[in-house]
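1. please find the sequence and the predicted model below.
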Amino acid sequence: MSDEFTLDMLDIPSGWRRGEGDWTGVAVAMARGETVEVIQEVGSTLWQKSLPEKHSLYWDGENLSTIKARIWISFTQRRFSPESALPKVQWHPRVLWIGIGCERGTGRELIETAIKQVCRAYHLAESAIAGIATIDTKAGEVGLLELCQERNWPLKTFAAEILSSVEVPNPSNIAAKAVGTPSVAEAAALCAVREENLTADERELTQISINHQRPSALICGSNPLLVPKQIFRSKNPPLSQGGVRAGSAVTVAVAVCPIEYLG
């Protein structure tokens, strides 16, 4: 194995973010030419074509017996035991689209807290978030705009008639009467994934890797909705500058796209 091939030489797509792990330990194993297992659950596999002829990376399922390090590529937030002798790291392709429905005037803090709680409950990596999706009437919602600007997330918006055409597991008659669609969060998240898939179809040489054997992976084409809508409420929403009570409810849903966002 080449002793010149290092972790920093991997041609990882720009839409991937480094997660937790022993990056130094994995880098040392690679520099030594030791066996490093790669488990990729989502994201483009084009980076594999840039590997040198001699490298120490092997893929999940190759019946390895001498693994010295491991690289996970997924949207899952894993907690590695500090006592483990095997160094591990995780890359997070930006594949999660967060659908948001919220009352008018809902603050950034409540929206962000709701997203964090969903990610924590479902073991999702925040760094795997591609962006936010919602109904077009929320395009000027200050709380959403502030959060997207702060986190560098794109904001995708869709008209009510588009959202209402999407089949969702939890439609609401109340929402349909209020905003013209029985679903905002779930439908918007699914629309964002569909839009990204259409964009991906236009990319030349795009390859998708989805590991269907692992619990955290799913068949994105048939069931991209990873988290059904979750409703969060604030008992004491703050007053705005004009003395008006801010919005106190946020609905969050998460859909996963098979291709990472590269914007």
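-> Received, thanks.
2. partner residues bridging residue 73?
-> For residue 73, the beta-bridge partners under DSSP bridges are residue 40, residue 91.
3. quick one: low-confidence parts of the stretch 51-200 of the chain?
-> Judged by pLDDT under 70, the stretch 51-200 of the chain has its weakly predicted residues at 63, 199-200.
4. and the helices in it?
-> Counting by DSSP state H, counting those that start in this stretch, one finds helices in the stretch 51-200 of the chain at the ranges 108-121, 142-151, 160-163, 173-179, 185-201.
5. deepest of those, which one?
-> Compared across the helices of the stretch 51-200 of the chain, helix 185-201 shows the largest average neighbour count, a mean of 22 (mean count of other CB atoms under 10 Å). Every residue, glycine included, has its C-beta placed from N, CA and C.
6. spatially central residue in the chain, please.
-> Centroid check for the chain by CA atoms, centre = their mean gives residue 96 as the closest residue, at 2.5 Å.
7. please report how far it lies from residue 35.
-> Shown here: residue 96 relative to residue 35, a distance of 31 Å by CB to CB, to the nearest Å.
8. one step back: ok, the residue nearest to the centre of the chain touching residue 133?
-> No - if you go by CB atoms under 8 Å, residue 96 and residue 133 don't touch, sitting 10.8 Å apart.
9. ok so, going back, dump the residue contacts of the residue nearest to the centre of the chain.
-> 75, 124, 128-130, 226, 254-257 (CB atoms under 8 Å, 6 or more residues apart in numbering).
10. what about it, distance to residue 125?
-> According to CB to CB, residue 96 stands 8 Å off from residue 125.
11. shared neighbours, those two?
-> Taking CB under 8 Å, 6+ apart as the criterion, residue 96 and residue 125 both touch residue 75.
12. quick one: end-to-end length of stretch 89-109, please.
-> Taking CA to CA, to the nearest Å as the measure, stretch 89-109 stretches 30 Å from start to finish.
13. please apply the same query to stretch 82-90.
-> Separation of the first and last residues of stretch 82-90 by CA to CA is 15 Å.
14. report the buried residues of it.
-> Within stretch 82-90, the residues that count as buried by 16 or more other CB atoms under 10 Å are 87-90.
15. okay, residue 255: pLDDT?
-> Looking at residue 255, its pLDDT reads 97.
16. now it. Nearest residue, chain neighbours left out?
-> Nearest residue to residue 255, sequence neighbours excluded (CB to CB, 6 or more residues apart in numbering): residue 189, at 3.8 Å.
17. OK, contacts around that neighbour?
-> For residue 189, the contacting residues are 97-99, 133, 225, 253-255, by CB under 8 Å, 6+ apart.
18. pull up the gap between it and residue 132, please.
-> Counting by CB to CB, the gap from residue 189 to residue 132 is 9 Å.
19. ok, residue 231 next?
-> Distance, residue 231 to residue 132, using CB to CB: 17 Å.
20. neighbour count: those two, which is higher?
-> Ranked by neighbour count (other CB atoms under 10 Å), residue 231 and residue 132 place residue 132 first, with 26 against 12.
21. that one pairs with what?
-> On the basis of DSSP bridges, residue 132 is bridged to residue 98, residue 155.
22. was I right about it contacting residue 108?
-> No - applying CB under 8 Å, one finds residue 132 not in contact with residue 108, separated by 11.5 Å.
23. what do the two both touch?
-> Both residue 132 and residue 108 are in contact with 144, 147, where contact means CB under 8 Å, 6+ apart.
24. quick one: the strands in the stretch 151-263 of the chain?
-> Under the criterion DSSP state E, counting those that start in this stretch, strands of the stretch 151-263 of the chain are mapped to 155-158, 225-233, 249-256.
25. just those strands: most buried one?
-> Comparing the strands of the stretch 151-263 of the chain by mean neighbour count (mean count of other CB under 10 Å), strand 249-256 ranks first with a mean of 25.
26. chain center to that one: distance?
-> 12 Å (CA atoms, centre = their mean, to the nearest Å).
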